[in-house]
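Undergrad: What would the 3D arrangement of this be:
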Amino acid sequence: MISNSSSSRAIPLDILRIFAALWVLVHHWISSEGLAKNLQHPYDVSWVPHWVAVAAAPGFLGVDIFFILSGIVISRSAIGRSWSEFAVARFCRLYPAYAVAIALAILFAPVTLIKYPSLSQSILGLTGLQWFVGAPTIVGPAWTLFIEVQFYLLITVLLLIFGKLTKLQLRNAAKVWCLVLLLAPSLQLPWLNFMAISEFGAYFALGMLLGLCNSKEEFQSDLPAILTLLALCWVRMVARLTGANAVPLHELFAIFMLAGVLFTVYLCSKTDLFGKYRNFVNPLALMSYPIYLLHEPLGMPAIGIMAKYGMPPIVAFAVATIVLFFVCWMCVKYYEPAARAFLRKRIFSVQKSA
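TA: Numbers count the residues shown, from 1 in each chain. Model prediction:
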């Protein structure tokens, strides 16, 4: 469904990625739950227009969109790579911004939060091992990275078993994954639920098939699995919406969400669609990851402090947005490229030589 011939065709996916990040941001910033209850300097959100609050209420589904996009992008990036090339590429992509988010959260937590993990637990967060030992993570939105890492581990296992993977092998793997997702809940095997990512695996598998189908024939061949995965994604979205009491008519909203994603993927098949916006969209898309990680530990305390000193709420939100975007732009422009170069040259080159 997504052609390889032109990079401009990925712009609709970048737009969807930006939307998902901003949707999560607004959801958290105007919420009275979650981190808002743990701020030393809480702020008032009663001024937020009702329609904005309604639109932002299901904003946590932005992470569901991220998982589908990850299935599209990561499966394509795995083609023709060895397991070590894939693992290094994913680590160098995720870790630099994650490390900065954890470090800033550790630095600011004592003066911005009421309760926060101990220093030893927070430092453990720099390794990512806290997810495997049940320790808390000082950056709340980072919980999704554990799910992403599970997906990367699954792809890495496939690469270890089969060597460099072809597109057909990855499509077949997604179909097998679909079958496992249907059977895993009834088998009640913890290790199988972990490997299959039973809660969110349907999103990744759906993204894999959507991203790897490049012809009408391939799409027709994969259509039964795609429809099954769409149904599994719909069930998962409805469950999340119902549990959060986010919106009425949960079923219709979930259908609308999935239809929007499918339409965006379809737009990617249109030659040079939105190509003239590439120079604006691509940097914002790269910033979506640090925006997602930093909007809570950096943005929300900043709003609270500015509100404490008498700044009008809407101005505080605007200033916090500008500061957050500037920090994330600096991160993407200067810090992340340097950090990735360091990791590749100083860390992984040593491992290869050893």
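Undergrad: Who are the contact partners of the residue nearest the centre of the chain?
TA: Most central in the chain under Cα atoms, centre = their mean is Phe66, positioned 4.0 Å from the mean C-alpha point. Going by Cβ atoms under 8 Å, 6 or more residues apart in numbering, Phe66 touches Arg17, Ala20, Thr144, Tyr292. C-betas here are computed from N, CA, C, even on glycine.
Undergrad: Nearest to Leu284 among those residues?
TA: For the contacts of Phe66, the minimum distance to Leu284 (Cβ to Cβ) is 8.7 Å, reached by Arg17.
Undergrad: Quick check: buried residues in the one helix or strand that closest one maps to?
TA: Remark: Arg17 resides in helix 11-29, with elements defined by DSSP states H and E. Residues 11-18, 20-29 are the ones in helix 11-29 that count as buried (16 or more other Cβ atoms under 10 Å).
Undergrad: That helix - contacts with which helices or strands?
TA: Counting contacts by 3 or more Cβ pairs under 8 Å, 6 or more residues apart in numbering; DSSP states H and E, helix 11-29 is packed against helix 50-56, helix 62-78, helix 250-267, helix 278-294, helix 300-308.
Undergrad: At which residues are the helices of the stretch 101-250 of the chain located?
TA: In the stretch 101-250 of the chain, the helices defined using DSSP state H, counting those that start in this stretch lie at 119-124, 130-133, 143-162, 167-187, 190-196, 201-212, 216-244, 250-267.
Undergrad: In a markdown table, list the ones you listed along with mean pLDDT and distance to Tyr95.
TA: Below are these laid out as a markdown table (pLDDT from 0 to 100; distance: least, Cβ to Cβ, whole Å):
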| stretch | mean pLDDT | distance to Tyr95 |
| --- | --- | --- |
| helix 119-124 | 91 | 15 |
| helix 130-133 | 86 | 14 |
| helix 143-162 | 95 | 10 |
| helix 167-187 | 92 | 24 |
| helix 190-196 | 86 | 22 |
| helix 201-212 | 96 | 20 |
| helix 216-244 | 92 | 28 |
| helix 250-267 | 89 | 27 |
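Undergrad: Pro141 touches Pro290, doesn't it?
TA: No. Counting by Cβ atoms under 8 Å, Pro141 does not reach Pro290; the two are 11.0 Å apart.
Undergrad: Using the three-state scheme, assign the residue lying farthest from the centre of the chain.
TA: Centroid-distance maximum for the chain: Gly310 at 34.6 Å, with Cα atoms, centre = their mean. With DSSP: H, G, I helix; E, B strand; the rest coil as the basis, Gly310 sits in coil.
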